[in-house]
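Enquirer: the sequence isn't on hand, but the structure is:
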């Protein structure tokens, strides 16, 4: 059976997706609590997971077959607000594939140096279609679903792919960008371009984010964490921070956000931010972190290029 993406067409962009990232209204999924125990639960104290990524049900999926995938989930309360305190370390779960087979797993909590913790599903599948995640939370069995598509339908760089050439500004050559870095104190990672990185034999760390326009607690301080992790140890590395917008001050003036997107966002097939991509000296991608990620995950990604 041929599955179709049941959200909007591939590549559809909205201002909300980029400004809010994985917010409560942008990339939501219909969570379906099941088998609630009336003795232990009520609507007023129900906690549940919600997708922190484009799941293919509300927004075009960013998950593909035949490559390692990561899917972050946020813990919400009945008031519709992410829960940040008294969050469990793990949540027991099972992942059911379209074929009906399933595997048991634990969703691990990540929360180091970010305001909002998340639970991470790491998986790999060869099956296109709806995948169902069932989990046990507060003695209640709940579930949610997400769509996985063919790689050719998702224009994201995957682990094992080569870095893509793209155009980006530097302090020496700002191109047509009104702001090279939206950080309050511009970061030092705007001296090398991806094009230059592709021509040398150094490992590359590419962070695509817009720190000055991160408007939710979910997207997190990814650039600040990267600066802290690297400190002054950038010799022998291409470290690149790429902004999302060419003219970010015009965001409120347009209904067509694609007119403001930087070339790197388009060339890397992104419909979200932030994203951290690492590649070895041969320009082969070794890790990719999307939507939300903490210090531990970033440190692990950096270690893949050593």
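Expert: Arrived safely. A quick note: this is a predicted structure, and the numbers were derived from the prediction, not measured.

Enquirer: next helix or strand past the helix or strand of the chain with the lowest mean pLDDT?
Expert: One helix or strand of the chain scores below all others by mean pLDDT, DSSP states H and E: strand 32-33, with a mean of 43. Remark: after strand 32-33, the chain's next helix or strand is strand 47-51, criterion DSSP states H and E.

Enquirer: got the domain boundaries for the protein?
Expert: Listed by automatic domain parsing, the domain ranges of the chain are 15-153, 194-303.

Enquirer: which stretch in the ones you listed is the model least sure about?
Expert: Per-segment mean pLDDT for the domains of the chain reaches its minimum on domain 15-153, at a mean of 85.

Enquirer: return the distance of that one from the chain's centre.
Expert: 13 Å (CA atoms, centre = their mean, to the nearest Å).

Enquirer: what's the answer for stretch 280-297, then?
Expert: Here stretch 280-297 is found 10 Å from its chain centre; the criterion is CA atoms, centre = their mean.

Enquirer: end to end on it, go ahead and measure it.
Expert: Start and end residues of stretch 280-297 are separated by 17 Å (CA to CA, to the nearest Å).

Enquirer: show me the strands in the stretch 201-306 of the chain, by range?
Expert: Ranges of strands within the stretch 201-306 of the chain are 204-208, 238-242, 275-279, 285-290, based on DSSP state E, counting those that start in this stretch.

Enquirer: just send the ones you listed back as a markdown table, with distance to residue 182 and mean neighbour count too.
Expert: (Each C-beta comes from the backbone N, C-alpha and C, glycine too.) Formatted as a markdown table, these follow (distance: least, CB to CB, whole Å; neighbours: other CB atoms under 10 Å):
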| stretch | distance to residue 182 | mean neighbour count |
| --- | --- | --- |
| strand 204-208 | 12 | 24 |
| strand 238-242 | 10 | 24 |
| strand 275-279 | 16 | 25 |
| strand 285-290 | 19 | 21 |
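
Enquirer: and residue 68, which of those strands is closest to it?
Expert: Closest approach to residue 68 among these (CB to CB): strand 285-290, 8.9 Å.

Enquirer: got the contact list for that closest one?
Expert: Under the contact criterion CB atoms under 8 Å, 6 or more residues apart in numbering, strand 285-290 has outside partners 53, 62, 70, 156-163, 272, 274-280, 297-298, 300-301, 304-305.

Enquirer: and for stretch 206-213?
Expert: The contact list for stretch 206-213 (CB under 8 Å, 6+ apart) reads 18-19, 163, 179, 181-184, 189, 194, 197, 219, 221-224, 226, 240-245, 248, 251, 264-265, 268, 270, 273-279.

Enquirer: cool, stretch 101-109 as well?
Expert: With CB under 8 Å, 6+ apart as the test, stretch 101-109 has contacts from 49, 73, 87-96, 117-121, 123, 135.
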